[in-house]
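J.: Sharing a sequence plus its predicted fold:
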Amino acid sequence: MVSGSCTDEVTLNVSAARLWKGAIEEPHILYPKLMPDFFSKAERIGEGVGAINVFYFAPAANLPPGSLNKNKIEVLDEATFTFKNSSVEGGLLGVLVKSLTYESVFVPSGADSCVAKLKFEYETIGDKDLSEEELKSTRDGSIGVLKATEGYLLANPDVYA
């Protein structure tokens with residue numbers, strides 16, 4: 001087993017509060033709408049910490065039919081715009097990693113901008129670390145949904161205002 005982590009930062013041209021509402025409070029509503037070629041549908045089971053977000057991947061995502069990703073919300077702190085979840089099924093879990101957590105913190109950087117600080121922590125199944133290519137797909141996916149949310153919010157300034 002190898003423990004590892006990676007971090008990313010991305011500047012977004014929407015407020016931390018608006019990004020929080022779309023990307024954290026309502027990803028199960030927004031993501032299939034914004035990225036239908038990637039997410040065929042999504043749902044949230046439960047409320048708040050302990051709730052499960054389930055994302056079902058569309059055929060165009062080039063994943064095996066019926067692929068999904070289930071994540072349990074571990075931290076949900078709107079006051080600090082801090083969110084953390086852990087994978088419970090799907091994705092890399094059980095294939096390459098035995099555990100995977102994702103944390104995001106949206107740091108306000110202006111009235112209509114923020115910096116998203118992203119962190120992934122994982123433990124591999126074997127004694128080999130994840131390759132840059134394996135990490136890249138997870139990192140790019142997380143940044144991609146934030147960028148899609150940003151684009152939607154910029155095009156719809158009254159949403160979550």
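T.: Alright, I've got the coordinates.
J.: make it CA atoms for all contacts and neighbour counts henceforth
T.: Noted.
J.: Tell me the helices and strands packed up against the longest strand along the chain.
T.: Of all the elements of type strand in the chain, the one with the most residues (DSSP state E) is strand 97-110. Where contact means 3 or more Cα pairs under 8 Å, 6 or more residues apart in numbering; DSSP states H and E, strand 97-110 is packed against helix 16-19, strand 82-90, strand 113-124.
J.: winner for burial among these?
T.: Relative to the other members of these, helix 16-19 carries the highest mean neighbour count by mean count of other Cα atoms under 10 Å, namely a mean of 23.
J.: who touches the helix or strand that that one is followed by?
T.: The C-terminal neighbour of helix 16-19 among helices and strands, as given by DSSP states H and E, is helix 27-34. Identification of contacts with helix 27-34 by Cα atoms under 8 Å, 6 or more residues apart in numbering yields 22-23, 38-44, 53-55, 145, 148-149, 152.
J.: From the structure, what's the count of residues near the nearest residue to K119 once chain neighbours are set aside?
T.: For K119, ignoring the flanking residues on the chain, the nearest one in space by Cα to Cα, 6 or more residues apart in numbering is T7 at 4.4 Å. Residue neighbour count, defined by other Cα atoms under 10 Å, stands at 13 for T7.
J.: In stretch 38-52, which residues are buried?
T.: 38-44, 52 (16 or more other Cα atoms under 10 Å).
J.: Now do the helix ranked longest in the chain against strand 113-124, angle only.
T.: Longest helix in the chain, counting residues (DSSP state H): helix 132-155. Relative orientation of helix 132-155 with respect to strand 113-124: 150 degrees, computed using axes from the mean of the first three to the mean of the last three Cα atoms, to 10 degrees.
J.: Contacts for helix 132-155, please.
T.: By Cα under 8 Å, 6+ apart, the surrounding residues in contact with helix 132-155 are 8, 10, 12-14, 18-19, 22-23, 30-31, 34-35, 159.
J.: Kindly indicate which of the contacts of helix 27-34 lies nearest A116.
T.: Of all the contacts of helix 27-34, the one with the least separation from A116 (Cα to Cα) is A23, at 11.1 Å.
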